[in-house]
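# When you get a sec, could you give me coordinates for this:
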Amino acid sequence: MAVPTRSQISPGITVNIVLKEDQRSGILTEGVVERLLTKSPNHPHGIKVRLEDGQVGRVKEIL
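The predicted model follows:
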């Protein structure tokens, strides 16, 4: 399954991200996007975002 591109992600949508400390285990964290941090249109590991609760990670799927 391909990771979502920047154009598919916008503030206010619910996503599953992988946090930096969970990259090895692949544990996903659900949350609502507050801000997009990656400037490029796509990234092989996922677009980096900040969730409304302050957590930062790369988007793996849109819910």
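
# Look through the protein and tell me its longest strand.
strand 28-36 (DSSP state E).

# List of residues touching that strand?
The contact list for strand 28-36, computed with Cβ atoms under 8 Å, 6 or more residues apart in numbering, reads 6, 9-19, 22, 47-53, 55, 57, 59-61, 63. C-beta here means a position set from N, CA and C on the backbone, and glycine is covered the same way.

# run the last query once more with 6 Å
11, 13-17, 19, 49-52, 60 (Cβ atoms under 6 Å, 6 or more residues apart in numbering).

# Would you confirm that residue 2 belongs to a strand?
No - counting by DSSP: H, G, I helix; E, B strand; the rest coil, residue 2 is not part of a strand but coil.

# Please convert the contacts of strand 28-36 to a markdown table, extending it with secondary structure and neighbour count.
What follows is those, written out as a markdown table (DSSP: H, G, I helix; E, B strand; the rest coil; neighbours: other Cβ atoms under 10 Å):
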| residue | secondary structure | neighbour count |
| --- | --- | --- |
| 11 | coil | 12 |
| 13 | coil | 14 |
| 14 | strand | 11 |
| 15 | strand | 24 |
| 16 | strand | 16 |
| 17 | strand | 23 |
| 19 | strand | 15 |
| 49 | strand | 24 |
| 50 | strand | 17 |
| 51 | strand | 19 |
| 52 | coil | 12 |
| 60 | strand | 18 |
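
# among those, which two are most distant?
The largest separation in the contacts of strand 28-36, counting by Cβ to Cβ, is between 11 and 19 at 18.8 Å.

# partners of residue 51 in the sheet?
Residue 51 has these beta-bridge partners by DSSP bridges: residue 33.

# ok, now residue 62?
When assigned by DSSP bridges, residue 62 has beta-bridge partners residue 15.

# Okay, now the unreliable bits of the protein?
1 (pLDDT under 70).

# Residue 38: neighbour count?
16 (other Cβ atoms under 10 Å).

# I'd guess it is in a strand, am I close?
No - Residue 38: not assigned to a strand; according to three-state DSSP it is coil.
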